[in-house]
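# just need the structure, nothing else, for what follows:
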Amino acid sequence: MMTKSGSCGACAFFDEHNAAAQSGQEGLCRFNPPVSQPTADAHGLWPVVTEKDWCGHFAPEAVAGAVAAE
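Numbers count the residues shown, from 1 in each chain. Take a look at the predicted model:
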């Protein structure tokens with residue numbers, strides 16, 4: 001899919017995560033840590049974004065060989 005420069009799909013922090021894709025969404029934004037949940041036994045959540053979304057934290061995918069954490 002073609003993405004506009006500066007959009008989430010072309011960002012180093014965009015993760016095409018399987019769970020997000022199965023829910024009908026495109027992926028997860030990995031710029032900030034996951035948002036904590038109200039109970040101690042709940043998992044944190046990463047923001048779900050589409051490839052066409054954008055924000056002020058854009059970084060190009062090719063950043064000196066760096067890869068996103070799994």
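
# enumerate every residue touching the spatially most central residue of the chain.
Centroid-nearest residue in the chain, with C-alpha atoms, centre = their mean: Cys29, separated by 2.0 Å. Contacts for Cys29 (C-beta atoms under 8 Å, 6 or more residues apart in numbering) come out as Cys8, Cys11, Phe13, Phe14, Asp15, Trp46, Pro47, Val48, Val49, Cys55. All C-beta atoms are positioned from the backbone trio N, CA, C, and that covers glycine.

# ok, of the residues you listed, which come out buried?
Cys8, Cys11, Phe13, Phe14, Asp15, Trp46, Pro47, Val48, Val49 (16 or more other C-beta atoms under 10 Å).

# in strands only, show me those.
Counting by DSSP state E, the buried ones among the contacts of Cys29 place Phe14, Asp15, Val48, Val49 in strands.

# how many residues are close by the closest residue in space to the second one that isn't next to it in sequence?
Nearest-residue entry for Asp15: Leu28, 4.5 Å, with adjacent residues in sequence omitted and distances by C-beta to C-beta, 6 or more residues apart in numbering. In terms of burial, Leu28 registers 22 neighbours under the definition other C-beta atoms under 10 Å.

# and Leu28, what element?
If you go by DSSP states H and E, Leu28 is part of strand 27-29.

# tell me the mean pLDDT over that strand?
Regarding strand 27-29, the rounded mean pLDDT is 91.

# each with direction, which strands does that strand pair with?
The pairing partners recorded for strand 27-29 under DSSP bridges are strand 14-15 (antiparallel), strand 48-49 (antiparallel).

# could you tell me how many residues sit around Gln37?
Using other C-beta under 10 Å, the number of residues around Gln37 comes to 11.
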